[in-house]
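Asks: What shape does this take:
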Amino acid sequence: MATFFPTLNEITQLKVKPTEGELHLLHTLKNEFVEDDSIEIYFQPLLNSDRPDLFIMKKNAGILIIEVKDYNPQHYCINEKKQWCLTKNKSVILSPIEQVNRYKKNTIRFHAPELYRRELIEHQNNFGVIQCLVYFHHYTEKDLEKIKKNLGIHDTNHLTLFSKDNLEIKLHDLLKKSYFYTGYTSSYFTPEIYEPLKDMLRPSYHELRIGKQLNYSKKQLQLSKSSPSKNLNIHGFAGTGKTAVLAKRAVNGLKRTGGPILILTFNITLRQYIKDQISNVRENFNWEYFEFNHYHQFITTNALNYEVDFDYDFENEHLFEHVKNRIIKYPVILLDEVQDYDDSWLKIIKKYFLAENGEFVCFKDGNQTIYKDSYDHETKDLTTWVSLNEEYRSPNALGHLLIDFQAQYLKKYTELNPIQLSLNLKEASFNYYYLESTKELLAKQLTDTIFQSFRSKGFPNQNDVAFLGTNKQVLRELQEHLISQGKLEEQFITTFASIKELAAIEAKLSQYDTVPIEDSIKSFERSKKFAFYMNSGKIKMSTIHSYKGWEIKNLVLIINKPQKNQSETFNNLIYTGLSRCVTNLIVLNIGNSDYHSFFEDQNTAFSQAIDYRSLDTLERRTLFYREHDLSAPEEAQDYNMTLKEFHAMKEMQHTYTQERNQLNDLSSESENDSSPSSLASDLGMTNKEYEEELRLQHEESDREYSQVNAAYRNYLKNL
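Replies: Below you'll find the model as predicted:
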């Protein structure tokens, strides 16, 4: 017998009960496939927010998507424009036929993008891979014939309309003609397509041992706690661990509520990165209770799910008003990159998709505002603002590069990263090259230097390398150049169409005057973004926009002159690109004089600092500051120091004092109330281990605090 997900018994126990038509069809399918246990029947599965009524698969055969309508034929009609309407007021609704066809289209483009690649690039016909069926439970065959006549359609092998009075016979005849029954293997529905779909439909269980032991600060742990009726907006600069907090809060939200947990981003690719971060959390949980999507796709697919006639007005705050009582609500909603959201988007999500007493938390970094139509979100009833301003990534000299860039190019923004990083040059490198043109980049064979540089730093794995740029065409040319040199054998994963892929799409579509090539390229690139994964084993190539929120050990950032639509936020775009790098950064500047002197100075500072990389004492780091800084401004003249020296020394004092105070606070909580058990639990320790850790940290903090103060006094004395 076919395998049902969930089981037939579980389906009848669901909170939202199946309709009469859905139950009838489920039992019909059970009888139809009584002898075939290779058939998989998924009832209202979640596919990137799509929720078709039935999604049926058979390995090496294909897919059948079914929509079930319990419509009363007296309540629906077709108007003169061939649109589905309500009889009583003639208001237009989404056509059930359009609904099932969109599910098919989304499956090809987003859920199984390999199908779309084969169709556009290899010119392969997906004939027979996906069939669609609409079942009208209360319609007769005569009713359906009238509908088909009014719409000017007829049944095909790709789409069939069924009524109850001939369901069994017609369904059996349809399946007999397909790979579901013939016994032949489809050359189109290969394991390469079937397996990822199966993983999406049947997500695995995440075990605690799969996660990593992450060191959260006290504030991060506090912001990671899930609580009901919470409206919160967490903002912080790059590297403060916003995504780590989001991931842990998502898991804690699932533990508290049982789900489902909705996680929305602005860009498409970030969904995968957040999923990777959640996988790092050391907890047991079931992946099926997490829903990842980006805002525009989430709204589009929910308009589809709830049959809303949608004209892509994403700011319409009343879009779901007439179906609001049918919408599945989420007890926890987490939104990333909220600096790029319109306030109306937040209101729509909160109004229609947040459960009563639900948790609504936003994350943002104003410095990464890279779209000119970005928003401040000052609407008071949306969220309470909280700052996350502690450095989470391992601090190194790239942090100072970011700080300097912020100070020089992002002066109108207030979210400046405080100077609290140690000058740990051993764990970072920076190289800068200025080129007049893209041709010069390809002619100079810089790529050999780039990969040799990365390998010398101990990261030979190409999975740890990314090329980011401000111009897709330059990235395409660089990718093509690397492939033509025979160095990498097309070991790339990209968010854009390559030169060969563009040529293939144009060759396919040039014969069709009605299909805009630009639209198809845009659609294909969206499909590629859905399939863009961090741990693909390949070199990443992406625009900065699509890589926003991710991070990588080894980064090549390619800067061009801004295009027309980039000029207003270009500084933010470059900052966002720089902040994606964790360890080794190479900047290739192609003809943009605005940044040349800045990166030249940074390159000089890094190259002159080589002799100091092995010198870890505070006094020698101080020498580095004195040797490379400008003359002292007034604020630091009393100390005969440069401003950076002054701030660096004071921040070191402040940091150690802060750490010591935090330890005292923790120790006090441990002694005075029942907190140690909860604090220990948050850190993954027993009470005994936690108290021992406190004692050792106390000793270390006191020792370092004394050393800093002594060194600081000696420094001033010897000036």
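Asks: which of the residues in stretch 544-561 are buried?
Replies: Applying a neighbour-count criterion of 16 or more other Cβ atoms under 10 Å, one finds 544-560 buried in stretch 544-561. C-beta coordinates here come from the backbone N, C-alpha and C atoms, glycine included.
Asks: Give me the neighbour count for the closest residue to residue 18 other than its chain neighbours.
Replies: Of all residues not flanking residue 18 in the chain, residue 11 sits nearest, at 5.7 Å (Cβ to Cβ, 6 or more residues apart in numbering). Residues lying near residue 11 (other Cβ atoms under 10 Å) number 17.
Asks: For residue 11, list the residues it contacts.
Replies: 4, 18, 26, 43 (Cβ atoms under 8 Å, 6 or more residues apart in numbering).
Asks: and the last one, how many neighbours?
Replies: Just to be clear, that refers to residue 43. 20.
Asks: Look up phi and psi at residue 360.
Replies: phi -130, psi 110 (degrees, to the nearest 10).
Asks: got the contact list for it?
Replies: 230-232, 333, 349-350, 354, 383.
Asks: about what we covered before: the buried residues of stretch 544-561 in helices, which ones?
Replies: Residues of the buried residues of stretch 544-561 located in helices (DSSP state H): 544-547.
Asks: now the helices for the stretch 101-250 of the chain?
Replies: 113-120, 141-151, 167-176, 179-182, 191-201, 218-224, 242-257 (DSSP state H, counting those that start in this stretch).
Asks: typed the wrong thing, it's the stretch 351-500 of the chain
Replies: Secondary structure of the stretch 351-500 of the chain (DSSP H, counting those that start in this stretch): helices located at 397-409, 438-443, 446-456, 472-484, 499-509.
Asks: Compare these and give me the one nearest residue 294.
Replies: Nearest to residue 294, of all these, is helix 472-484, at 19.2 Å by Cβ to Cβ.
Asks: ok, back up a step: any idea which of the helices of the stretch 101-250 of the chain gets closest to residue 61?
Replies: When the helices of the stretch 101-250 of the chain are compared by Cβ to Cβ, helix 179-182 sits nearest residue 61, at 3.8 Å.
Asks: before we move on, the earlier item: looking at the contacts of residue 360, which one is closest to residue 116?
Replies: For the contacts of residue 360, the closest approach to residue 116 (Cβ to Cβ) belongs to residue 349, at 28.3 Å.
Asks: how about the closest one, secondary structure?
Replies: Following DSSP: H, G, I helix; E, B strand; the rest coil, we place residue 349 in the helix state.
Asks: Show the contacting residues for it.
Replies: Residues in contact with residue 349 (Cβ under 8 Å, 6+ apart) are 264, 295, 333, 335, 360.
Asks: Looking at these, which two lie furthest apart in space?
Replies: The most widely separated members of these, counting by Cβ to Cβ, are 295 and 360 (14.2 Å).
Asks: about what we covered before: which pLDDT value belongs to the residue nearest to residue 18?
Replies: According to the predicted model, the pLDDT of residue 11 comes to 94.
Asks: which stretch of helix or strand covers it?
Replies: helix 8-12 (DSSP states H and E).
Asks: Please state the offset of that helix from the chain centre?
Replies: On the basis of Cα atoms, centre = their mean, to the nearest Å, helix 8-12 sits 33 Å off its chain's mean C-alpha point.
Asks: what do you get for stretch 400-413?
Replies: A distance of 26 Å separates the centroid of the chain from that of stretch 400-413, by Cα atoms, centre = their mean.
Asks: of the contacts of residue 360, buried ones?
Replies: Buried residues within the contacts of residue 360, counting neighbours by 16+ other Cβ under 10 Å: 230, 232, 333, 349-350, 354, 383.
Asks: Kindly reformat the ones in helices among the buried residues of stretch 544-561 as TSV containing pLDDT.
Replies: Output for these, formatted as TSV (pLDDT from 0 to 100):
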residue	pLDDT
544	93
545	89
546	89
547	89
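Asks: Save these as JSON lines, and put in distance to residue 604 too.
Replies: What follows is those, written out as JSON lines (distance: Cβ to Cβ, whole Å):
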{"residue": "544", "distance to residue 604": "25"}
{"residue": "545", "distance to residue 604": "30"}
{"residue": "546", "distance to residue 604": "32"}
{"residue": "547", "distance to residue 604": "28"}
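Asks: Please pull out the lowest mean pLDDT helix or strand from this structure.
Replies: Lowest on mean pLDDT, DSSP states H and E among the helices and strands of the chain sits helix 634-637, with a mean of 42.
Asks: Tell me which of the helices of the stretch 101-250 of the chain sits most buried.
Replies: Greatest average neighbour count among those goes to helix 242-257 (a mean of 23), per mean count of other Cβ atoms under 10 Å.
Asks: got the angle between the next helix or strand after that one and helix 242-257?
Replies: Using DSSP H and E, the helix or strand that follows helix 242-257 in sequence is strand 261-265. Compare the direction of strand 261-265 with that of helix 242-257 by axes from the mean of the first three to the mean of the last three Cα atoms, to 10 degrees and you get 160 degrees.
Asks: which residues touch strand 261-265?
Replies: Under Cβ under 8 Å, 6+ apart, the answer for strand 261-265 is 246, 250, 253-254, 271, 274, 289-295, 298, 330-337, 349, 353, 549.
Asks: tell me the mean pLDDT over it?
Replies: When pLDDT is averaged along strand 261-265, the result is 95.
Asks: helices or strands next to the next helix or strand after it in the packing?
Replies: Elements were assigned by DSSP H and E; along the chain past strand 261-265, the next helix or strand is helix 270-279. When contacts are defined as 3 or more Cβ pairs under 8 Å, 6 or more residues apart in numbering; DSSP states H and E, helix 270-279 packs onto helix 242-257, strand 261-265, strand 290-294.
Asks: Could you save these as CSV and add columns showing distance to residue 582?
Replies: As requested, those are exported to CSV (distance: least, Cβ to Cβ, whole Å):
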stretch, distance to residue 582
helix 242-257, 13
strand 261-265, 20
strand 290-294, 23
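Asks: Looking at these, spot the one closest to residue 580.
Replies: Nearest to residue 580 among these is helix 242-257 (12.1 Å), distances taken as Cβ to Cβ.
Asks: Let me see the ranges of the strands in the stretch 451-600 of the chain.
Replies: With DSSP state E, counting those that start in this stretch, the ranges of strands along the stretch 451-600 of the chain come out as 465-469, 492-494, 539-543, 552-559, 581-590.
Asks: Tabulate those strands in JSON lines, adding columns for mean pLDDT and distance to residue 241.
Replies: JSON lines is the format used below for the strands of the stretch 451-600 of the chain (pLDDT from 0 to 100; distance: least, Cβ to Cβ, whole Å):
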{"stretch": "strand 465-469", "mean pLDDT": "94", "distance to residue 241": "20"}
{"stretch": "strand 492-494", "mean pLDDT": "92", "distance to residue 241": "26"}
{"stretch": "strand 539-543", "mean pLDDT": "93", "distance to residue 241": "22"}
{"stretch": "strand 552-559", "mean pLDDT": "93", "distance to residue 241": "17"}
{"stretch": "strand 581-590", "mean pLDDT": "92", "distance to residue 241": "13"}
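Asks: Nearest approach to residue 166 belongs to which of these?
Replies: strand 492-494 (47.9 Å).
Asks: Name the strands paired with the closest one and say parallel or antiparallel.
Replies: Strand 492-494 pairs in its sheet with strand 539-543 (parallel), by DSSP bridges.
Asks: Give me the secondary structure label for the spatially closest residue to residue 257 that is not a sequence neighbour.
Replies: In this structure, residue 257 finds its nearest non-sequential neighbour in residue 331, 4.0 Å apart by Cβ to Cβ, 6+ apart. Three-state call for residue 331 (three-state DSSP): strand.
Asks: residue ranges with poor pLDDT in the stretch 251-400 of the chain?
Replies: Counting by pLDDT under 70, the stretch 251-400 of the chain shows low-confidence ranges at 366-385, 387-397.
Asks: Repeat the analysis, applying 80 as the threshold.
Replies: In the predicted model, the stretch 251-400 of the chain carries pLDDT under 80 at residues 365-397, 399-400.
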